[in-house]
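K.L.:
predicted structure and sequence below. I'll ask about it afterward.
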Amino acid sequence: MNDLLLVIDMQNVYLPDQPWACETAARTKENILKLLENHPKDQTIFTRYIAAEHPVGTWKTYNELNRKINENPWMNELMEGIKEAAESYPVYDKSTYSSFQVPAIRKAAQKADRVILTGVVSECCVLSTFFEGIDLGCKLIWLTDATSGLNPILEEETLHILQGLSPLHVEFLNTEDYLSNR
């Protein structure tokens with residue numbers, strides 16, 4: 001199967017005790033690393049959210065509110081373990097929530113049979129990528145234990161909303177089930 005593995009924004013700012021901490025980020029990181037061991041390098045892409053230099057509209061306010069995070073290089077780096085793994089893959093910076101705003105990612109997704117969604121934050125960047133992927137006509141796989149929201153309640157609420165789009169647009173799997181059915 002020609003699956004594009006998309007690893008969204010696994011940055012330090014989402015670690016415990018950081019401003020945008022995702023409670024299940026450690027589990028998500030562990031499962032992404034398992035996926036990387038078993039997925040073709042030429043079908044894997046990483047993203048990082050980096051604030052735009054010249055934001056427009058509401059993004060100006062967003063950048064003002066998050067100035068300390070945006071200006072801290074460590075918070076914007078990929079997490080330990082992910083950072084080292086990503087050295088063998090393309091890593092694209094984006095300044096919007098959706099990863100599909102990056103032309104190279106959009107192009108790769110349109111060549112893939114399915115797009116595997118992993119990373120953070122379930123109810124923000126992963127969700128935005130999800131909806132744009134549907135609009136592009138992509139078949140999506142949402143790996144429930146390789147995505148993290150700010151907390152498990154928000155993760156569940158996000159999945160609850162998306163259930164109506166299954167099975168046509170999305171299939172929900174955990175990492176083990178995905179790997180065993182590849």
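P.N.:
Alright, I've got the coordinates. Residues are numbered from 1 along each chain as shown.
K.L.:
so Tyr14 is in contact with Val120, correct?
P.N.:
Yes - with contact defined as C-beta atoms under 8 Å, Tyr14 counts as touching Val120 (4.7 Å). Every C-beta, even on glycine, is put in place using the N, C-alpha and C of the backbone.
K.L.:
can you give me how far the longest helix seen in the chain is from the chain middle?
P.N.:
Identified as the longest helix of the chain according to DSSP state H is helix 25-38. Helix 25-38 sits 12 Å away from the centroid of its parent chain (C-alpha atoms, centre = their mean, to the nearest Å).
K.L.:
kindly report the same for stretch 164-174.
P.N.:
17 Å.
K.L.:
now what about that stretch, what contacts it?
P.N.:
Stretch 164-174 is contacted by residues 31, 130, 134, 139-146, 159, 162-163, 181 when judged by C-beta atoms under 8 Å, 6 or more residues apart in numbering.
K.L.:
if you set the cut-off to 6 Å instead, what comes out?
P.N.:
Contact with stretch 164-174 is made by 134, 140-145, as judged by C-beta atoms under 6 Å, 6 or more residues apart in numbering.
K.L.:
now the strands for this protein?
P.N.:
Using DSSP state E, the strands found in the chain span residues 3-8, 44-49, 91-94, 114-120, 140-148, 170-173.
K.L.:
on that earlier part again, list the buried residues for the longest helix of the chain?
P.N.:
Neighbour counts using 16 or more other C-beta atoms under 10 Å place 25, 28-29, 31-36 of helix 25-38 among the buried residues.
K.L.:
what about the chain, any weak spots by pLDDT?
P.N.:
For the chain, no stretch is flagged by pLDDT under 70.
K.L.:
which residues in it form helices?
P.N.:
Using DSSP H, helices in the chain cover 25-38, 58-65, 67-70, 73-76, 82-86, 103-111, 127-136, 152-162, 175-180.
K.L.:
could you dump these into a markdown table and include distance to Met10?
P.N.:
Formatted as a markdown table, these follow (distance: least, C-beta to C-beta, whole Å):
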| stretch | distance to Met10 |
| --- | --- |
| helix 25-38 | 6 |
| helix 58-65 | 20 |
| helix 67-70 | 15 |
| helix 73-76 | 12 |
| helix 82-86 | 4 |
| helix 103-111 | 15 |
| helix 127-136 | 13 |
| helix 152-162 | 16 |
| helix 175-180 | 14 |
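K.L.:
figure out which of these is closest to Tyr97.
P.N.:
Comparing the helices of the chain against Tyr97 with C-beta to C-beta, the closest turns out to be helix 127-136 (3.6 Å).
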